[in-house]
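Undergrad: have a look at this fold, sequence not included:
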């Protein structure tokens, strides 16, 4: 059976939530920059910044809610890592008499 290690456990809920919030905040900061840039852009640049301002909320939510980082494995309960019960003595051990 594969031995469980601390590096194979999934991230804690707090760490996962923090990572999602950081991704979402970065995407929404870019969106605000696109909205601000629309005030000064002309021609095709205006369309590019408008598309960024319109589609970035959807992209931000999808990126923030994307599950898994590819590192985490499946956690195994500690009681499942132990043998089911005591093993029977092997014939080589005998009954303890000589």
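TA: That came through, no problem. Since the model is a prediction, treat every value here as computed from it, not as a measurement.
Undergrad: for residue 95, give me the pLDDT.
TA: pLDDT for residue 95: 56.
Undergrad: swap in residue 20?
TA: For residue 20, the model assigns a pLDDT of 87.
Undergrad: now residue 31
TA: Note on residue 31: pLDDT of 92.
Undergrad: what's the separation between it and residue 44?
TA: Residue 31 sits 19 Å away from residue 44, taking C-beta to C-beta, to the nearest Å as the criterion. For every residue, glycine as well, the C-beta is placed using N, CA and C.
Undergrad: between the two, which is the more surrounded one?
TA: residue 31 (19 against 8; other C-beta atoms under 10 Å).
Undergrad: which residues touch the nearest residue to the more buried one once chain neighbours are set aside?
TA: With C-beta to C-beta, 6 or more residues apart in numbering as the criterion, residue 31 has its nearest non-adjacent residue at 4.0 Å, and that residue is residue 56. Neighbour list for residue 56: 27, 28, 30, 31, 34 [criterion: C-beta atoms under 8 Å, 6 or more residues apart in numbering].
Undergrad: which among these gets closest to residue 49?
TA: Closest approach to residue 49 among the contacts of residue 56 (C-beta to C-beta): residue 34, at 4.5 Å.
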